[in-house]
Structure formats: C-alpha cells, structure tokens
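Peer 1: coordinates for the following, if possible.
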Amino acid sequence: MEYIEVEINLENYTVRNIPESLISIDADGKTVVDTNSPLYYYDKIPDYKIDRDGKFILDTTQQKIPNTINVNVFLKQNYDDLGIFTDLNFTPKTPYDTSKPLDFNPMVDGRIPGYPVDFYYTAPITSTGLTLDNQLKGMSSLRINPQTNLPIYTPGLNVSRDKKNIFSGVMDENPQHIRYKIGSDINDITNTGVEYITYKNEFIKFENEFGDSNLGNKTMFTTNNGGWGQYNLSLAALVKEEELLGIVFKPEISSDVFINRGVADIFERHAILSELKTTQDIDTMRGGYISNE
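Peer 2: As a prediction, the model looks like this:
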C-alpha cells in the first residue's frame with residue numbers, strides 16, 4: 001500500500017466576496033451588510049456552485065451544480081507482457097556432441113548447442129578448516145564410562161533425528177582422536193556430510209569478536225560441496241513466443257482509494273454522515289474509504 005499525503009488549500013474554495021445587493025448605507029452613513037440573506041456566503045464553502053451575486057449556477061437541466069473539492073489521485077497499474085509469460089517447449093539440438101573439448105569451462109563458455117548435460121558436470125571441491133570440539137558433545141551415547149566418568153562414543157551409532165535419511169555419529173575412535181560425521185546421506189556416508197576429527201591431546205584457543213577466549217580440543221573438518229551433477233543440474237533453454245513480445249494482457253484494474261480528511265472540527269463525523277444519501281452509500285463508505293473497481 002502506498003500512502004500519499006496531499007494538502008489542499010481550502011482558501012481556493014472559500015467565498016471571499018459579498019454581493020453588492022447585500023451592501024447598503026444606513027441613516028448614520030455606515031456600511032451595513034445583510035448577513036441574514038440566503039445570498040450571503042462570505043467565509044464559507046457553499047454546497048452548490050454560486051456566482052458573484054450569490055446565486056446558484058445551474059446546469060443545462062436547470063439543476064444546481066454541487067460544489068466539489070477536487071483531489072488528484074494517481075492510480076498505477078502493471079501490464080504483463082504476453083511474450084514474457086509464454087514459454088515454448090524446448091527442443092534440443094541433436095545428435096549430441098560426444099567429444100568434450102579439453103579447454104571447455106561451462107562457467108566461462110556458457111551453454112553451447114549440441115553439448116549434452118554431462119559436459120557441464122563439475123567435480124566436487126573439498127573444503128577444510130580448523131575449529132573447536134563443540135560438535136563432539138552431540139555424538140556420544142547416553143551412557144557414561146563408570147571408571148572415567150566420560151561420555152562413551154560408539155562407532156556406527158546414528159544420533160541423527162532423521163535416522164532413515166541422515167547419518168550423524170562417530171566413525172571410529174583411537175587414543176589419539178575421534179572421527180565423526182554430521183549430516184551424511186544414509187546411503188552414501190563416506191562421500192557426503194561434514195567429517196570432523198577431534199584430537200584428544202591437542203588444544204587450541206579461539207578469540208571471538210568480543211575478545212572472549214574459548215579453549216577446546218583441536219578439531220579439523222572436511223566437506224565436499226558436491227559440485228554439479230545429475231542430481232542438481234539440468235539443461236534446458238527458456239524459449240519465448242517472439243511474436244507476442246510487446247503485447248500485453250488485458251489489464252485488470254482494482255484500486256482502493258482512502259481519503260483521510262483529518263479532524264477539521266468537532267462536526268467532522270457529522271459532516272461525513274451528511275454525505276450518505278442512501279443505504280447503498282453505507283456499503284460504499286464502509287471503513288471510511290471508497291472502493292472503486
């Protein structure tokens with residue numbers, strides 16, 4: 001919703017002249033104005049248009065013309081291009097090329113007609129880093145070694161909440177380190193997920209942005225980003241109907257105009273009620289705004 005605040009100068013609609021027929025000179029030579037005359041509208045905004053003599057201006061059917069305060073409202077509509085929203089079925093160039101160029105780089109060369117989708121596959125990229133052993137706490141079983149009072153890490157125990165699809169748990173343990181994986185595909189644990197190796201006898205200290213130091217066991221992590229392959233890459237061109245470009249759908253215009261006149265005086269609400277001439281106007285003015293479709 002766009003809210004536009006517009007100020008209207010009511011002085012342009014206020015009567016500032018007095019008809020000469022209402023001005024006279026009394027016995028004392030003073031100027032007297034007949035303020036009780038129905039033609040007297042000084043400092044007022046009449047309900048109907050009047051001339052300088054205070055008389056109503058009539059239309060061609062001899063009816064009084066309502067006096068209105070005009071407000072310019074600019075309504076915006078969007079036109080949808082038929083050519084942009086209309087797609088054609090993609091027909092690939094065949095037969096496909098069978099020999100991939102040695103210097104072909106899909107990130108640089110882009111799509112080339114006749115190249116099959118497997119030409120655009122990329123090898124996984126391995127990322128490694130150093131961190132603390134915060135993730136290790138969630139890899140233990142619910143049991144505790146009664147002799148050392150330390151958690152027990154059971155290789156192969158899946159501690160993931162989604163055990164049907166995801167594996168998270170310890171892979172192996174020895175006196176030097178604990179190796180575990182988080183978020184691996186249950187059907188390909190070796191090549192998916194993030195692998196951590198926490199060293200039991202090596203410690204590191206990290207300092208956060210607030211200057212606080214965190215001390216913990218040294219932990220190396222390794223993960224593959226997966227690259228681009230048959231599970232996350234498809235090849236198809238988006239074809240438009242060229243003859244429809246520049247032609248638009250029939251616009252559907254629906255605009256809500258809310259006019260907030262502010263609080264002029266204590267009679268403002270009564271003035272609004274005076275604008276309701278029929279019961280249908282009650283629905284039109286529901287909520288204080290005019291809905292126009």
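Peer 1: show me where the chain has its strands.
Peer 2: 23-25, 31-33, 87-88, 126-131, 166-173, 177-185, 194-207, 213-224, 239-240, 255-257, 290-292 (DSSP state E).
Peer 1: format these as CSV; extra columns: mean pLDDT and mean neighbour count.
Peer 2: Every residue, glycine included, has its C-beta placed from N, CA and C. What follows is the strands of the chain, written out as CSV (pLDDT from 0 to 100; neighbours: other CB atoms under 10 Å):
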stretch, mean pLDDT, mean neighbour count
strand 23-25, 90, 10
strand 31-33, 90, 11
strand 87-88, 70, 10
strand 126-131, 90, 11
strand 166-173, 94, 19
strand 177-185, 94, 19
strand 194-207, 92, 15
strand 213-224, 90, 15
strand 239-240, 73, 14
strand 255-257, 62, 12
strand 290-292, 44, 13
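Peer 1: looking at the ones you listed, spot the one closest to Val117.
Peer 2: Proximity to Val117, assessed across the strands of the chain by CB to CB, is greatest for strand 239-240 (17.2 Å).
Peer 1: the bottom helix or strand of this structure by mean pLDDT?
Peer 2: Every helix and strand in the chain was compared by mean pLDDT, DSSP states H and E; the lowest is strand 290-292, with a mean of 44.
Peer 1: quick revisit: adding distance to Ser99, write the strands of the chain out as JSON lines.
Peer 2: Listed next are the strands of the chain as JSON lines, based on distance: least, CB to CB, whole Å:
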{"stretch": "strand 23-25", "distance to Ser99": "104"}
{"stretch": "strand 31-33", "distance to Ser99": "103"}
{"stretch": "strand 87-88", "distance to Ser99": "30"}
{"stretch": "strand 126-131", "distance to Ser99": "29"}
{"stretch": "strand 166-173", "distance to Ser99": "39"}
{"stretch": "strand 177-185", "distance to Ser99": "33"}
{"stretch": "strand 194-207", "distance to Ser99": "36"}
{"stretch": "strand 213-224", "distance to Ser99": "28"}
{"stretch": "strand 239-240", "distance to Ser99": "27"}
{"stretch": "strand 255-257", "distance to Ser99": "60"}
{"stretch": "strand 290-292", "distance to Ser99": "65"}
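Peer 1: ok, which of the ones you listed comes nearest Val71?
Peer 2: Closest of those to Val71 is strand 255-257, at 9.1 Å (criterion: CB to CB).
Peer 1: neighbours of Glu163, how many?
Peer 2: Not Glu; residue 163 is Lys. 12 (other CB atoms under 10 Å).
Peer 1: now do it, the pLDDT please.
Peer 2: Listed pLDDT for Lys163 reads 90.
Peer 1: where exactly do the helices run in this protein?
Peer 2: 106-109, 268-273, 279-284 (DSSP state H).
Peer 1: so how far is the shortest one off the chain centroid?
Peer 2: Helix 106-109 has its C-alpha centroid displaced from the chain centroid by 32 Å (CA atoms, centre = their mean, to the nearest Å).
Peer 1: just checking, what packs against it?
Peer 2: With contacts taken as 3 or more CB pairs under 8 Å, 6 or more residues apart in numbering; DSSP states H and E, helix 106-109 sits against no other helix or strand.
Peer 1: in that helix, what counts as buried?
Peer 2: Pro106 (16 or more other CB atoms under 10 Å).
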